[in-house]
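Here's a sequence, model it:
(2 chains)
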Amino acid sequence: MKFLKIDMSSQTISSTGVPEAYAGLGGRGLTSIMINNEVPATCDPLGPENKLIIAPGYLSGTVLVNTSRLSIGAKSPLTGGIKESNVGGTAAADIAHLGITAIIVEGKPSDADTLYLLKIDAEGNAALLDGSAYKGLRTYELVRQLKETHGEKNSITCIGPAGEFLLTSSSIQTTDADGRPCRAAGRGGLGAVMASKGLKAVIVDRGGKATDPLADAAVFKESAKRYAKAVRDDEGTEDLAQLGSAFLVAPINAVGAFPTRNAREGQFDEFEKISGETMAEVIKKRGGINAHMGCAQCIIRCSNEYVDEKGDYVTSSLEYETIWSMGGMLGNSDLDSIAKLDFLCDDIGLDTISAGVAVAVAMDAGYKSFGDGQAAIEMVEAVAEGTEMGMLIGHGPAAVGKHFNHDRVPVMKNQSMAAYDPRALQGMAVTYATTPMGGDHTAGWVVADNIADWGGKLDPFAAEGQVENSRNSQLHMAVVDTVGICDFAQSGFGAGLDNVCKMVAAKLGKPFSEDDWAALGVRILKAEREFNRNAGFTSKDDRLPRMFYEEPLPPHNKVVVISDEEMDKTFDF
Amino acid sequence: MVKNFIVKARAGKMEIQVRLYGLLGKDVAGHDPLEGMRVEMPDGSTIKDLMTHLSIPRKKVGIISVDGGLVKDTKTLQDGNFVRLYRPIFGG
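Model prediction:
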C-alpha cells in the first residue's frame, strides 16, 4: 500500500505510505479526490501543476475476477475539467501485485525535448530511464523494442505520436494479455498530459508478489466465488464472449439510436455489414479469434483478434464504439477499413471515438464524402504525419468543426458523444450533458433502462424519471470505477451489492455497507463537480449542442426534451 | 414462382424471413448466421407462434422487429415479413 511519486521536474522518485485522506480508495475515487485536493483547478493541463495519476482499482490484484481495470486521472486538456479515463489489459493487476496504490506523475521537465521511460521492477523499485531513443515511435513498434530490451514479462502503458504532438484526442495505450498495446485509456486527451511530463512509457514487471494483504482473506474468497458464479451464470456472458461488445450494433440500430452520418439519422441502412454477428463470422472464416481474453483474470473474454483475408493480424479488441465511430457515424459499411482504423488509432495513440467523430464532422462539412473508408484512413494517418488536417483530427471534432465553421458538432464539454443518440434515448441526454467527464457513455449507461424489451421502465422519448435514473447510474458507476470492476462484469452484482461491499470490507478491515457504497459515490461526484466549478464550469456547460434540441432524428423523429431546469436537478445534492 | 405463391396462399400459409441475432441462431437448425432463414407459418401466426415453432424460449429474446419497426410478441405476421429477433441486454 504505497504511493510512487515521480517528480518530472527534478526526475526524482519517492515512495510514501497512503495518507489517511485517501485510505480505502482506488481507481477513480482516488484519482478524482486527489486531483480535486491537489491540482489547482485553473492550472494549465499541460503544465507542471497538473498531475497524471495512474491507479488500479481498490480490488484490482485480488482474486476477484474481472478487476484488472486501471484509472488514469488528470485535468483534461480536452474538456478543461476533471478526467478519469479507464482501461483494461494487465497493467492494473500488475501494479496492484506490486503493492502500489497509485503512481503519481508530477511536475514537468524544464527541457521540453527530453523523454523518459518509467520502469518498475518485480520488487516494486522504480527508475526513470532515458527514453529519447523512442521519440516519435508508434505504440506497436515501441512495445516491440521495449520488450526486446526489458523482456516479455512486462505490461507497457504508453503514448504514441498523437500524445507527443500534445493532441487533445490522444490516448494512453496499454498492453493486453497478449502484450499488444490495443487497450485504450482513450477519452480526454491524457496522452498529451503524459507527453507534457516527458513520459513515453511506464514499464511494469508482471511478476509482483506484494499484493496488499486482505484483512479477511477467507470472507473475501467466498464473496469472490459468488461474484464469479453470477457472471458465469448470466445469460449474456456467452454472447459477449462470441460477439464482443459489437453485439450492440444490431439492437441499438433496431431502436433507432445508432448515430449515422454525423448523427443525421438513428439507423444505418447498411448496419448488417458491420454488426457483431457479421464481425464474428468474418473472424471465424478467416481464422482470427473470437472469445479472446484481453485482460488479466477475465472470465468473460469479450475481446477478439481481427485478421485480413489472408489471415494476417489487423487489430485486437475491436469494440462497438469503434465500429460505430468509424462505421455508422461515417456511413462506412466496410468492416475491413474499420478494423484498420482501429489499429491505426491504437498505433498512433488516438481515441477512436473522438477521431471517428472528428472525421464525421469533416465529412458532414463536405471535406470528404460519407462512406469513404479510405478517406477516413488517410485522415487518421495524417495525425501521425503532423499535417494541418492531421492536427485538426487529432484535436477532435470541436476543432474540426471550428475550422470548417460547421454547426453540427456533437460534443459535450468539448468531448464527443458516443454510440447512442440522446434523441432516441433521453436518459443518455442527461448523462452526456451532466457527467463531469464530458460526452461520456460509460459514466452513466442508462440504455437498458430506456428499452422496454431489455427490462427498462422509462419511456426513451420522454423526460420523466430520466434525471433521477441517470443520477443514480452515475453515482453507482463512480464506485464501480473505484473498486476496479469491469463494466461488462457488472452481471456479478447479481450476487448482490452487499456481496461486493463484503469484499471491500474484507480488504479494508472495517465495515463497508451498501450505505457506504452510496455515500462514496456522492463523495466522488461532489469532488468532481467541485473541481469543475473551480475550473470555471457553470450550469451552461451541462447542456447538449443545439442540433440535439432542434433536429428530429429519423426514424422516430424526436429531439431531446430534457429541460435546462431538469438537467440542473441531476446533482442538486 | 408466382404459381407457388398462389398455391401457398390458398393453403393458408405464409413465408417469413427470419434473422436471429446474438447467439439466438446457434441452436436453430437451418439458420445461417448472416442470411437468416425462411420459415413457413400458418396464416394469422404471431411472433410468439414463430418462437414456439423455432423452439426459442421467450426469455432468450429481447427486442423484436418486423420490417424494421419494433413490435411486441403478440404481433400478427404477414406473408413476406422480415422478422428480426435480438437478445436481451445484460450488465452495464
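
From here on, just use CA atoms for contacts and neighbour counts.
Fine.

interface residues of chain B facing chain A?
Listed as neighbours of chain A in chain B under the rule C-alpha under 8 Å from any C-alpha of the partner chain: B:21-23, B:33-34, B:62-63, B:65, B:68-70, B:86, B:88-92.

Can you tell me which of those end up in strands?
Counting by DSSP state E, the part of those found in strands is B:65, B:69-70.

what about burial for those, which qualify?
Neighbour-count burial (16 or more other C-alpha atoms under 10 Å in any protein chain shown) is assigned, among those, to B:65, B:70.

So what does whatever residue of the stretch 301-450 of chain A ends up closest to chain B look like in phi/psi?
The stretch 301-450 of chain A approaches chain B most closely through A:Trp445 (6.3 Å), counting by C-alpha to the nearest C-alpha. Dihedral angles of A:Trp445 (phi, psi; degrees, to the nearest 10) stand at phi -80, psi 100.

cool, and A:Leu146?
phi -60, psi -40.

What is the neighbour count of it?
By other C-alpha atoms under 10 Å in any protein chain shown, 18 other residues sit near A:Leu146.

What of the one 10 residues further on?
The criterion is other C-alpha under 10 Å. On that basis, A:Ile156 has 29 neighbouring residues.

and if you look at A:Met293?
22.

The residue nearest to it when sequence neighbours are not counted in helix, strand or coil?
Excluding the flanking residues, the one nearest A:Met293 by C-alpha to C-alpha, 6 or more residues apart in numbering or on different chains is A:Arg301, at 4.3 Å. Counting by DSSP: H, G, I helix; E, B strand; the rest coil, the backbone at A:Arg301 sits in coil.

Quick one: residues contacting A:Arg301.
A:Arg301 sits next to A:240-241, A:291-295 when contact means C-alpha atoms under 8 Å, 6 or more residues apart in numbering or on different chains.

cutoff 10 Å now
With contact taken as C-alpha atoms under 10 Å, 6 or more residues apart in numbering or on different chains, A:Arg301 is in contact with A:66, A:237-238, A:240-242, A:244, A:290-295.

Just the ones of those residues in strands?
A:290-292.

how near is the residue nearest to A:Met293 to A:Gly244?
A:Arg301 sits 8 Å away from A:Gly244, going by C-alpha to C-alpha, to the nearest Å.

tell me, what's touching the two both at once?
A:237-238, A:290-292.

In TSV: the residues you listed, plus pLDDT and neighbour count.
Putting the shared contacts of A:Arg301 and A:Gly244 into TSV (pLDDT from 0 to 100; neighbours: other C-alpha atoms under 10 Å in any protein chain shown) gives the following:
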residue	pLDDT	neighbour count
A:Thr237	92	22
A:Glu238	92	19
A:Asn290	97	23
A:Ala291	97	20
A:His292	98	21
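
Please go through those and note which also touch chain B.
Here is what survives when those are matched to chain B using C-alpha under 10 Å from any C-alpha of the partner chain: A:237-238.

Throw the shared contacts of A:Arg301 and A:Gly244 into CSV and include distance to A:Leu115, thanks.
Output for those, formatted as CSV (distance: C-alpha to C-alpha, whole Å):
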residue, distance to A:Leu115
A:Thr237, 42
A:Glu238, 44
A:Asn290, 38
A:Ala291, 38
A:His292, 34
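
Specify which member of the shared contacts of A:Arg301 and A:Gly244 is nearest to A:Ile6.
Nearest to A:Ile6, judged by C-alpha to C-alpha, of the shared contacts of A:Arg301 and A:Gly244 is A:His292 at 34.7 Å.

Report the beta-bridge partners for the closest one.
Beta bridges link A:His292 to A:Ser303, judged by DSSP bridges.

Enumerate every residue touching it.
Shown in contact with A:His292 (C-alpha under 10 Å, 6+ apart): A:177-178, A:241-242, A:244, A:298, A:300-305, A:316-317.

roughly how far apart are it and chain B?
Distance, A:His292 to chain B, using C-alpha to the nearest C-alpha, to the nearest Å: 17 Å.

One more: A:Ile35?
Look at A:Ile35 and chain B: by C-alpha to the nearest C-alpha, they are 26 Å apart.

A:Glu468 now?
17 Å.

doesn't that residue fall inside a strand?
No: the assignment for A:Glu468, made by three-state DSSP, is helix rather than a strand.

Look at the closest residue to A:Arg226 other than its chain neighbours and report its pLDDT.
Nearest residue to A:Arg226, sequence neighbours excluded (C-alpha to C-alpha, 6+ apart): A:Ala495, at 6.2 Å. On pLDDT, A:Ala495 comes in at 96.

try B:Pro88
83.

isn't it right up against A:Leu240?
No: using C-alpha atoms under 10 Å, B:Pro88 makes no contact with A:Leu240, being 11.7 Å away.

Pick the one among the ones in strands among the contacts of A:Arg301 closest to A:Lys200.
For the ones in strands among the contacts of A:Arg301, the minimum distance to A:Lys200 (C-alpha to C-alpha) is 27.9 Å, reached by A:His292.

any idea how far that closest one lies from A:Glu281?
For A:His292, the distance to A:Glu281 (C-alpha to C-alpha) stands at 14 Å.

same deal with A:Gly61?
Distance of A:Gly61 to A:Glu281, given as C-alpha to C-alpha: 34 Å.
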